[in-house]
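*Asks:* predicted model follows, preceded by the sequence.
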There are 2 protein chains.
Amino acid sequence: MTELRPGDASLLRKVNTQVTLRALRRAGVATLTQLGRVTGLSRQTVEAVLDELGERGYVREVPPDEGVMGRPARRFGFRADAGYVVGVEIGAEAIVAALADLNGEVIAWERAEVSGGAAAHERLEAAERTALTCVDGAGVARRRVWAVAAGTSGIVDRSGRVSLSITLPGWTGVDLAGLAGRWFGCAALAANDANLAALAEHWRGSAQHASDVVYVLIGHRAGAGVLIGGRLHPGRNGAAGEIGTLRQVGWEDAARELVRDASAAEVFEAALAGDRDALRRVDRYAENLAIGASALALAIDPDLLVLGGGYARAGDVLLEPLRRHLAELCVSAPEVVASTFGDEAVALGAVRLALGHVEREVLGL
Amino acid sequence: MTELRPGDASLLRKVNTQVTLRALRRAGVATLTQLGRVTGLSRQTVEAVLDELGERGYVREVPPDEGVMGRPARRFGFRADAGYVVGVEIGAEAIVAALADLNGEVIAWERAEVSGGAAAHERLEAAERTALTCVDGAGVARRRVWAVAAGTSGIVDRSGRVSLSITLPGWTGVDLAGLAGRWFGCAALAANDANLAALAEHWRGSAQHASDVVYVLIGHRAGAGVLIGGRLHPGRNGAAGEIGTLRQVGWEDAARELVRDASAAEVFEAALAGDRDALRRVDRYAENLAIGASALALAIDPDLLVLGGGYARAGDVLLEPLRRHLAELCVSAPEVVASTFGDEAVALGAVRLALGHVEREVLGL
DNA sequence: CAATTTATGTAACTAATTCACGTATGTCGG
DNA sequence: CCGACATACGTGAATTAGTTACATAAATTG
């Protein structure tokens, strides 16, 4: 339902501003002539656009290059420090916050532990504290944060409310986006953790060249996030990818069976060393995982399946049997790769989400 | 990856042409002033756009309204008969062809039976014959067909080739789009039948107000089609929705169990009459269906689930237990409705697909 | 220091759109 | 039948945005 609106001349300027800004951000620093070449616009148009952007504070002129032939060209750079965004992961046992500039470069990380049994208000206070510390510690004024996004396990609806959480006590019903907006008095978004991790992988991780992505987050509990056309696909209720709840899929007990007596890391370690029992347990786990993953893969037929979360650190010991089982179950199984990011994936995805909001709303895409 | 291109003034005209054309097609016949009001453009702009469209043959002036106050306004109408599109369903036992004008109004239907065991070339010849008869019978010159789309069961890849078919003999590997293009010497597309049926429902059926739709086509075999954001989501290999192949889902045997000795219609009939055994069998069938449907619903979290195909004619006898089982399996089950169309759904979806191609490529959206 | 190279500044021109205002052409009421 | 009214048409000026062309400016090179 793309609302098609009529355009007057100002639409052109909007379009060309976006084209120019995108080219400038890609290039880092560029001259008018260079920008004209890559955008296909005339130098004069680029100049007019950059003037406007300069007045709005998004672009700054930098000293010209030296030592090159001809008249020195004026050079411009995107002011990535014009504003900032914050991404926060609110997990069961830890809060991870990231502060990033408008280029998405992370300036500062902050991490805090929380008790798995902490009440909702405690967890929220810890999240707020962590986010504020992250920003303050980097020496960035709080009012310069333009958007914040939070990721958490459970189902998060379109408005940013947690509509269902099984793992975190008192978490169901929390208006995450509404509350996070008060931290910095800015726009706020909230989404499911696996969805954000998927976004992070598509942004800077192993899913960069994929358009439709399924991200499976495995740890104590397994969840999944879905990207369609490179964009988040939360679904009607924000529940897309929540296939783990289906009994036949068996994600519920899979992790329990895997670890039983030892820690997960130990099991994977033993399997890597060739231990028969460990190998069998990992294979069994991979099979369980593959059932759910294949349901997702068959439903969506993605370009890529990314495996992330704590257990994904096991690498090929887990990936190889997963690929095998997946191939058995799917007509045409997607490529399977491991996540690039570790603990930062969710917060990084939250940064991307917040940044996307800024790009749309503020820079006016 | 929306390629963002710079715009010169002609971009404005393109945009406004689209806006105007869309408004005109919606209105049927309209005056310049009316079009100006609904599009938000000035009367002069609308006039200029309509002049161009008139020269290109897409718009025609019709006699002014009589009996209204003031100077009679010139009235314009979209020339829906400027071109035509053809949609064809190539099924196991029948070919259904539909000829439609540029408004998507179906001018003529044509139907032919084929043997389920017919070889690929026979089936293709039957399809071609049916399509040609449909067009010829309506008195439309063959060269006025601008695009044709074909739908069939099995997996159809992006290029329009059947990459896997289990039901139709010799069907795997057939370059459906390539061959269909020769029928009328025009652009040709091909897609999976369930996907096209979904498209039809979204276009004019029970899914008109939904954005993300899962369509489950049930008959001898069950298949599913997926719409994301109102658009076809075929997936990487055109296999999105092919969840029936997953053993755990049980769609393979579901239909077999249902019918066993009687015909499906008889079983549904008996269930409607209150027959215990029939009710149990329908419930069992609904449960099997729900497992696969819930996997799709959980993966995609759609706005709506549409049930179509032969067995969907059973109506509430089947829908009610399906809804019940789905609610048990899903965190938040989607609304479930029956398909609006009967046997025409797939051909109608093919018409929509072909029309979409024309709108994009020819009318230049 | 002149030649070369490259960027800037200015002016003329085109495309598309809007606004304002006068003109044309119907219906309605006496 | 004719004037009042309503509504649409036609024309011209103004605005915004973008492009091309060319003279001018400011560096490096030999």
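*Replies:* Perfect, I can see it now.
*Asks:* return the helix or strand in chain A with minimum mean pLDDT.
*Replies:* helix A:251-259 (a mean of 74; mean pLDDT, DSSP states H and E).
*Asks:* name the surrounding residues that touch it.
*Replies:* A:218-222, A:243-245, A:264, A:267, A:281-282, A:284-285, A:288-289, A:292, A:311 (CB atoms under 8 Å, 6 or more residues apart in numbering or on different chains). C-beta: built from backbone N, CA, C; applies to glycine.
*Asks:* ok and whatever helix or strand comes next after that helix relative to helix A:251-259, angle-wise?
*Replies:* For helix A:251-259, the following helix or strand on the C-terminal side (DSSP states H and E) is helix A:264-273. Going by axes from the mean of the first three to the mean of the last three CA atoms, to 10 degrees, helix A:264-273 is angled at 60 degrees with respect to helix A:251-259.
*Asks:* so what does whichever helix or strand comes after helix A:264-273 touch, helix or strand wise?
*Replies:* Proceeding N to C from helix A:264-273, the next assigned helix or strand is helix A:276-300, under DSSP H and E. Applying 3 or more CB pairs under 8 Å, 6 or more residues apart in numbering or on different chains; DSSP states H and E, we find helix A:276-300 packed against strand A:213-218, strand A:222-228, helix A:251-259, helix A:264-273, strand A:304-308, helix A:316-329, strand B:222-228, helix B:276-300.
*Asks:* which of those comes out lowest on mean pLDDT?
*Replies:* Lowest mean pLDDT within the helices and strands packed on helix A:276-300: helix A:251-259, at a mean of 74.
*Asks:* pull out the buried positions in that one.
*Replies:* Residues of helix A:251-259 classed as buried: A:251, A:254-255, A:258-259 (neighbour count, 16 or more other CB atoms under 10 Å in any protein chain shown).
*Asks:* which of the residues you listed sits closest to chain B?
*Replies:* Lowest distance from chain B to those (CB to the nearest CB) belongs to residue A:251, with 11.0 Å.
*Asks:* got the contact list for stretch A:73-84?
*Replies:* A:21, A:24-25, A:28-35, A:50, A:54, A:57-65, A:99-103, A:105, A:107, A:135, A:140, A:144-146, A:358, A:362.
*Asks:* quick one, which of these are buried?
*Replies:* By 16+ other CB under 10 Å, these give A:21, A:24-25, A:30-32, A:34-35, A:50, A:58-60, A:99-102, A:107, A:135, A:140, A:145-146, A:358, A:362 as buried.
*Asks:* is any part of stretch A:47-67 close to chain B?
*Replies:* No: residues of stretch A:47-67 contacting chain B under CB under 8 Å from any CB of the partner chain: none, with a closest distance of 10.1 Å.
*Asks:* gap between the two ends of that stretch?
*Replies:* Distance across stretch A:47-67, first residue to last, is 23 Å (CA to CA, to the nearest Å).
*Asks:* chain A: helices as residue ranges?
*Replies:* Here chain A has its helices, by DSSP state H, at A:9-27, A:32-39, A:43-56, A:120-137, A:176-184, A:193-204, A:251-259, A:264-273, A:276-300, A:316-329, A:345-361.
*Asks:* kindly reformat these as TSV containing distance to residue B:17.
*Replies:* Formatted as TSV, the helices of chain A follow (distance: least, CB to CB, whole Å):
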stretch	distance to residue B:17
helix A:9-27	14
helix A:32-39	24
helix A:43-56	23
helix A:120-137	48
helix A:176-184	39
helix A:193-204	34
helix A:251-259	51
helix A:264-273	60
helix A:276-300	35
helix A:316-329	47
helix A:345-361	26
